[in-house]
Structure formats: C-alpha cells, structure tokens
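In: Here is my input; please provide its structure:
(2 chains)
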Amino acid sequence: MGHNLTITDLQHKSYAIREDIIRMLEHAGSGHSAGPLGLAEVFTALYFNIMNYDPDRPEWDERDYFFLSNGHCVPVQYAAMAEAGFFDKKELLTLRKFGSRLQGHPERTKLPGLENTSGPLGSGLSQAAGVAYTMQYVDNQHKRFVYVVTGDGELDEGNIWEAAMFAGKNKLSQLIVFVDRNNIQIDGTTEQVMPLEDLRGKWESFGWHVQEIDGHNIESIIDAASMARAITNQPSVIITHTIPGKGVDFMEYDYHWHGMPPNSEQAKEALHKLRTLDGKIKGEHQ
Amino acid sequence: MSHYKLAENLFGDDVKREPIRAGFGRGLKATGEANEAVVALCADLTDSTKMSDFKAAFPTRFVEIGVAEQNLVTVASGMARAGKIPFTSSYAAFSPGRNWEQIRTTVCLNDQPVKIVGSHAGISVGPDGATHQMLEDIALMRVLPNMVVVAPGDSIEAEKATRAIAENGKPSYIRLAREGTPIFTTEESHFEIGKAYVLREGHDVSLLGTGTMSYQMLAAAHELEKHSISAEVVHVPTIKPLDGDTILASAKKTGRVVTAEEAQVIGGFGAAVAELLGESLPTPIKRIGIQDRFGESGEPDELLDHFGLTGDKIALAVKDFVATTPQYHRESN
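Out: Below is the predicted model:
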C-alpha cells in the first residue's frame, strides 16, 4: 500500500495515537505509559510512511515485517494498527481485558497483523533476524524489509547480542532496528542499572550500520529508515533518542511511569496536555 | 499376539546397534528432499548432532548459529514466521536446557512449527558427566502447551519420527540418545506420532518404555519369562500426546504398570503415565528412571547398570514389584 501523508498529517496521527494510548491505559487500569508515549512518532512513521503492508491482507506475501521486541510497549502498536485500519478503534478499550485480542503483551495468534509474540525481553530481534535471513539467503526476496523496535533496557539481555552477532556475520541488510533510547528501565536509568554506553560503538563493533536520530522528529525517522534501506552490506540500527512519557509533562523523564497507567484524574490531565501539543513537537512547520 | 514387527535376534551380544542420531540425520536429509520448506539450524554441533548430511545436501537451507542456543530457537521462530519448517539441533543439555523461555514464548505460545532436536540426552552420554547428561528435558518440554514430545526407540524409528514431525505443523521436541543403541524396530514397523505399540503381550505386568528404554524393557521381559512372569511390553515413543487408549488397555489387562526412562522420573514419562492412570484407572505403578539426582562420569553401560536401567536390573525390580503388589482390576474392586 502507498502512503501519501504530509509531515503535518503524520504529526497529527502521532497526537491521535498518544491520546489513544492514554485512553487505553486508563481504561485497562494497568500497563506501561512512558515507553509507548515516547514511541508515538516512530510508530507513526513506520505505519504511515515507512512500511509496506495491507491491513486487509495481514499475510500479504509482499509485506514488510514488523517485530516489536519489547512487548510491553504494545499499546503504541495497537493504537497505530487501529489508526491504520487493522481493526476498529473501539476495540482499543479492550486492552488487557478478559477475552480481548489485545493482550497485555502481544500475541501473534490472537490478532492478525502481529508478526510475533513478545514480552520476555530480548528475543524479538532474533526472530526478525530469522525472517531477514530467510529473505536474503533462502527465498531471494531482496525488496522486502524487516523492521524491529527494541527497548534500551532490553539490551541488557544476552539474547540481543547473540542476534546482533548473527545479523552482523550474515550482513542482514534487510534488517532495520530502532532502539528506543529513552534511558529508563524499571529500576532506574539505564546508566545506573547497567550502563549501555558506548552504545554506538557496541553496535558498530558487531558489524552494524549505526545512525542516531531525534526520535520525536518524524522527518528524521523517515530519512533514517530510507538511509538504512540503502545500506546493502550491513544490518542497520537506528539509535532513536526519545523522551519517556513524551507529550505529558508530568510523565516525561520519570522512570516511575515505565510500568504505570494513569488514573482517571491523571488521564484527564494528560489528554488536556496532549490536545495542546500542536506546535510543541518539532514538525515541518518549525 | 502383538502385531508389531520386531527385529530378530534381539538378545544376543551381536544385536545390531547404531546411534539414534544417525537415523535423525538420514530422516532430516530425506525430509529436506521431500519438502523445500525444511531448513536446519545448528549451534556449533553440526557433525555431532548429524545435521551434516542435510548441510552437505542443502547448504543454502542450513544456518550456523554458533554457541548461542537462545538465538538458535528464536531465529528458527522467525524462519517459521517466514514460512519455513526449521529443525534446530544441539545437545539437549543446552537446547532445551538453556533456552526454555524462548521455546515457551516464541515457539509454543507463538505456535510456530519449530522442531527442537535435543541430542545426547540421558545418562548414556557417559564420560562427559552430569553437566552434559540431560535428564530434565522430558519434564521441561511436556509441560508446554502446543508442544509434541517424541523419544524414538532406535535409529530406524528416529528417521521415521523426524519425517513425521516435519509435517505435523506443530512445535515439537525430539529426544535423541548418544550411544549406539540396539535396534529393535524394523523398516516395516509402524510409527505414528501419538501412538504407543504393544511389542509383546503378557498378563502379569505392563512394562512401558520410552526412547531406548523400550529395548531394555524387552530384555527385562525376556529375563522375567525365566521366572514365570508374563510381562507385556509397550513402546511409547510419543510422550505427548500420550496414547491413553493403548496404555489404559494394557494396564487394565495386567493390573500393574512399570515405566522406564533415561530421565528424571519427576515430571518425566513415568509421571505422565502416573497422571493418566491416577485419573482414569488407578493402577499400582513403579517408575524406573533417575530418582531425583544428577548423573556422573562413567562408561554408558556402567552408568545404565548403576542407575538400574539395564534389562537385568529392570527385571529384578519388576520381580520385586510383582511379588509385593497385587494386580488391580476395576471389576473386582
């Protein structure tokens, strides 16, 4: 499917996605706030510009794949998928409820359009690498891409570096990874809990092409993905600097919001903040 | 009379032997020829797990993962998402020993037809010692929803089992022993996932074996004949789903059940049979296997003897069990 939205259109999509995230989490009464809010621009860019897919044919055999490796951020993916027409937006309010297709962590077998089941951290990148390897070496499909979002705290997992080594060795150039560099994890900042820096150097030493971008600038996200697709002899990682809780000032930068939903009062305030966002987040009008 | 076709000359010193993994190697190559979707991934043990034949025949469908068992099954999960039927192999101590959560989430909950091949399972790994003697794999795999668990009895059956699980569309575990194990099945013997087979009939006690222990059960039954004990031997290569009909029919007939496995009895094959009997036909049961301890270094035959897993030792245990345990018959209770 083709995408033809302007940057301003995309910006508005990201606001709508953020509002949906707040509504979903408030209604669910549990779940993760900070990560999903921080990823709104990345998911907007992926679902409304970067990726090739058809919501009416989730198994379309020419689609790009998307793997969410840090499954706890799935509210932003559900919101983007609903916005993209995979299912009705009303279903978003079933998040984490009994009988819902929108499980607390994503389950492929429950919801068409999900490519994997994730939650326990560190294995989404490997699964994506498996698809990328298959395309590049087994099926000779060179015009499809595999996109991944991982957390940064998730990079503590050994499985991630097993996959990084595998992708580097095999020069999986159709594999494009966004690392959500929001600097928080459950017990504190990433640099307190288990320092990740020199993060660029780590990925480079594993044979990856590395870019670093402002994760709230949609143009930057689109450009970085475009650059990554043009790199044909390395896998690509895009270290995507984001602000956890972005758009809701009382959540921003605060690791306590990693695994907490807003209550109704907080949700009301958050929605108010989000509605007055226009012009605060950098877009084409700046 | 059992209709199962057994190999001949089973109890002499010259019984034919072959490592089970050799049968897996042949089966994998054959299934690769039959189905282009089959791919193979290995964690730095390609010759040792006998994936080498497949690798030589289909180099572009073979993936070397290195010593990274978590990546082994998760890359396989991704390849399954891309339409492939991935076989992954390592020693059972490492896969599924090291990567259980990845198997649980990305293979079983994700319901992808990844095949986990755990070789060198059991104590007959021998000199390598307890670290490499995987005894908990049956318990680890059979507790997982969606997972099929198969422990073939010999190399001929391993070849058939490999071909069958390639086509079953489900997450599956094949447990392979290391050593040259006696061949008791034949090319003509039936094999179907989910079926147990009565190898010989009897009326005093049912001897249920899985994997290589079924041969030892045959040897035990042969020995028990000399003591006027008529043992029925049932070979149970599929531990999950368990063939309840065949097992219950045998238990009902003999009223006493003995299980044997080269694995922990806690959570293992004997536990699966005990669960079945406990709920459906409470029958006295004795579980032969590893009794809540680790293995140790030694020669395979030495260890099998030490842990009571040879035909002779099993016969002694069964004799004692039969002497002290009344047959249970539902009708008479």
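In: Apart from its neighbours in sequence, what residue is nearest the closest residue to chain A within chain B?
Out: In chain B, the residue that lies nearest chain A is B:Gly78 (2.3 Å; C-beta to the nearest C-beta). For every residue, glycine as well, the C-beta is placed using N, CA and C. Sequence neighbours aside, A:Gly130 is the residue nearest to B:Gly78 in space, at 2.3 Å (criterion: C-beta to C-beta, 6 or more residues apart in numbering or on different chains).
In: residues contacting that neighbour?
Out: B:Thr74, B:Val75, B:Ala76, B:Ser77, B:Gly78, B:Met79, B:Ala80, B:Arg81, B:Ala82, B:Pro86 (C-beta atoms under 8 Å, 6 or more residues apart in numbering or on different chains).
In: which secondary structure elements does the one helix or strand B:Gly32 maps to contact?
Out: Assignment of secondary structure by DSSP states H and E places B:Gly32 within helix B:20-34. Contact analysis of helix B:20-34 by 3 or more C-beta pairs under 8 Å, 6 or more residues apart in numbering or on different chains; DSSP states H and E lists strand B:38-42, helix B:52-57, strand B:115-121, helix B:155-166, strand B:172-177 as its packing neighbours.
In: Can you tell me which of those is nearest to B:Thr31?
Out: Closest to B:Thr31 of the helices and strands packed on helix B:20-34, according to C-beta to C-beta: helix B:155-166, at 4.1 Å.
In: burial measure for residue 196, as a count.
Out: If you meant another chain, say so; for now it's chain A. Neighbourhood size, A:Leu196 [other C-beta atoms under 10 Å in any protein chain shown]: 18.
In: that's the wrong chain, I meant chain B
Out: Look at B:Ala196: counted by other C-beta under 10 Å, it has 24 neighbours.
In: ok, now the one 5 residues further on?
Out: By the measure other C-beta under 10 Å, the count of residues near B:Glu201 is 17.
In: Which parts of the stretch 151-286 of chain A are strands?
Out: A:175-181, A:184-185, A:188-189, A:209-214, A:236-241 (DSSP state E, counting those that start in this stretch).
In: cool, and chain B?
Out: Remark: strands assigned in chain B by DSSP state E are B:17-19, B:38-42, B:62-64, B:85-91, B:115-121, B:148-150, B:172-177, B:180-182, B:197-200, B:205-209, B:231-235, B:238-240, B:257-264, B:285-290.
In: Sort out which residues of the second one are buried, please.
Out: Right, strand B:38-42. Buried residues in strand B:38-42, defined by neighbour count with 16 or more other C-beta atoms under 10 Å in any protein chain shown: B:Val38, B:Val39, B:Ala40, B:Leu41, B:Cys42.
In: Go through the strands of the stretch 151-286 of chain A and name the closest to A:Ala82.
Out: strand A:175-181 (20.5 Å).
In: State the paired neighbours of the closest one in the sheet, together with their directions.
Out: strand A:146-151 (parallel), strand A:236-241 (parallel) (DSSP bridges).
In: Alongside chain B, which residues does chain A contribute?
Out: Proximity of chain A to chain B (C-beta under 8 Å from any C-beta of the partner chain) is limited to residues A:65, A:67, A:107-109, A:115-120, A:122-123, A:126-135, A:137-139, A:158-159, A:162-163, A:165-166.
In: Now that we have those, which of them are buried?
Out: A:65, A:67, A:107-108, A:115-120, A:122-123, A:126-135, A:138, A:159, A:162-163, A:165-166.
In: Give me the subset of those residues that lies in helices.
Out: Among those, the residues falling in helices (DSSP state H) are A:126-133, A:159, A:162-163, A:165-166.
In: Looking at those, which two lie furthest apart in space?
Out: So, those by C-beta to C-beta: farthest apart are A:Val131 and A:Met165, at 17.3 Å.
In: Next, the contact list for B:Ile247, please.
Out: B:Ile247 is in contact with B:Ala196, B:Ser206, B:Leu208, B:Val234, B:Val236, B:Val257, B:Val273, B:Leu276, B:Leu277, counting by C-beta under 8 Å, 6+ apart.
In: of the ones in helices among the buried ones among the residues of chain A next to chain B, closest to A:Asp214?
Out: Checking these one by one against A:Asp214 (C-beta to C-beta), the nearest turns out to be A:Ala128, at 23.7 Å.
In: Which pLDDT value goes with the residue of chain B closest to chain A?
Out: Looking at B:Gly78, its pLDDT reads 98.
In: how many other residues sit next to it?
Out: Neighbours around B:Gly78, by other C-beta under 10 Å: 31.
In: Quick check on the closest residue to B:Glu262 other than its chain neighbours: phi, psi?
Out: Nearest non-adjacent residue to B:Glu262, counting by C-beta to C-beta, 6+ apart: B:Gly122, 3.4 Å away. Note on B:Gly122: backbone dihedrals following degrees, to the nearest 10 are phi 90, psi 180.
In: Please report how far B:Gly122 lies from A:Val237.
Out: 42 Å (C-beta to C-beta, to the nearest Å).
In: Those two: which is more packed in?
Out: B:Gly122 (34 against 28).
In: Just to check, that one is in contact with B:Leu176?
Out: No. B:Gly122 is not in contact with B:Leu176 according to C-beta atoms under 8 Å; the separation is 9.2 Å.
In: Run a quick neighbour tally on the spatially closest residue to A:Asp88 that is not a sequence neighbour.
Out: Leaving out its chain neighbours, the residue that sits closest to A:Asp88 by C-beta to C-beta, 6+ apart is A:Ala82, at 7.0 Å. Other residues lying near A:Ala82 total 21 when counted by other C-beta under 10 Å.
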